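> I'll drop the sequence and a predicted model, then ask my questions.
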Amino acid sequence: QEKVQQSPESLIVPEGAMSSLNCTFSNSASQSIWWYQQHPGKGPEALISIFSNGNKKEGRLTVYLNRASLHVSLHIRDSQPSDSAVYLCAVSPGGGNYKPTFGKGTSLVVHP
Amino acid sequence: EAAVTQSPRNKVAVTGGKVTLSCNQTNNHNNMYWYRQDTGHGLRLIHYSYGAGSTEKGDIPDGYKASRPSQENFSLILELATPSQTSVYFCASGVTGASAETLYFGSGTRLTVL
C-alpha cells in the first residue's frame, strides 16, 4: 500500500511570501501526483498535477517532482489570505489503477 | 462543471442503527469513491466503484457496505453504526485523463453516532 507523508503539518506565512509544502511517497512507480486544496467545511478541489520528473508551473503555483528521492513539493508564490486552506497530496499508482492515496495534509495560514 | 452532491449534509444516528449516505454525480464519470476524513488520519478510502453494479473494498472497508445501482448514484451503508464511525464522509467521482485521474468531491456529510 502506498504511503504518503506531508510536511510541515502547519505553515504560517505573511501575505506576499512564498509558501513551500512537501510530500514524500513510497512507490517510485507511482504514476501521478495531485495537489488538492480544501477550505473549511468544503470538499477538496484539484489544484495541479505532475507526472514526469521536473517541474510544472501554473500561475502562482509551481510543482517539483523528483522520483529518485520520492519527493514532490508545491510552491505558492505571492501567497494571499485566500490561499489559507489545507493542502492534500494524492499519489496514484500506475498500471491502470488510479485509486489515489492521500497524505494527512498541510494547513496553510496566510496572514495579512 | 463537474458536480457531486451528497446527502444528507449532517446526520446524527444512534449506535446499532442503520445509516445510508447518498451521493449523486452528474459528470458521467465511471469511477466513484467514498472517503472518510478524521483529524490525524487524513482522507482514507472506504469503498470505490468502477461503474454501475460494481463495488470494491478500499483500505478501511470493515463496517461499511457500498452500492452502485447506476452510473450517477453511489451509496455508503452502515448496517450497525458505531461511535467509531463518527466522521466526515466525502464522495468523489473521477475522470481518467492521459496519465491520471482527477477527482471531484462533494461537500461532505458530517456523521455523528451517539
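Yes, it's here.

> Identify the residues contacting residue B:114.
Listed by CB atoms under 8 Å, 6 or more residues apart in numbering or on different chains, the contact set of residue B:114 reads B:12, B:13, B:14, B:15, B:83. For the C-beta atoms, the positions are set from N, CA and C on the backbone; glycine is no exception.

> Okay, now the unreliable bits of the chain?
Let's take chain A. For chain A, applying pLDDT under 70 flags the ranges A:94-98.

> I was thinking of chain B, sorry if that wasn't clear
Low-confidence segments of chain B, defined by pLDDT under 70: B:1-2, B:97-100.

> so the residue nearest to the spatial centre of it bridges to which residues?
In chain B, the centroid-proximal residue (CA atoms, centre = their mean) is residue B:34; its distance is 2.6 Å. Residue B:34 has these beta-bridge partners by DSSP bridges: residue B:47, residue B:91.

> That one touches residue B:77, doesn't it?
No - the criterion here is CB atoms under 8 Å, and residue B:34 misses it with residue B:77 at 10.1 Å.

> Identify the contacts common to the two.
Contacts common to residue B:34 and residue B:77, judged by CB under 8 Å, 6+ apart, are B:21, B:64, B:66.

> From these, which land in strands?
Within the shared contacts of residue B:34 and residue B:77, residues falling in strands by DSSP state E are B:21, B:66.

> near chain B, which residues of chain A show up?
Counting by CB under 8 Å from any CB of the partner chain, the residues of chain A lying close to chain B are A:1, A:31-32, A:34, A:36, A:41-46, A:49, A:51, A:88, A:90, A:92, A:98-105.

> Please check the residues you listed and keep the buried ones.
Among these, the ones that count as buried by 16 or more other CB atoms under 10 Å in any protein chain shown are A:31-32, A:34, A:36, A:43-44, A:46, A:49, A:51, A:88, A:90, A:92, A:98-105.
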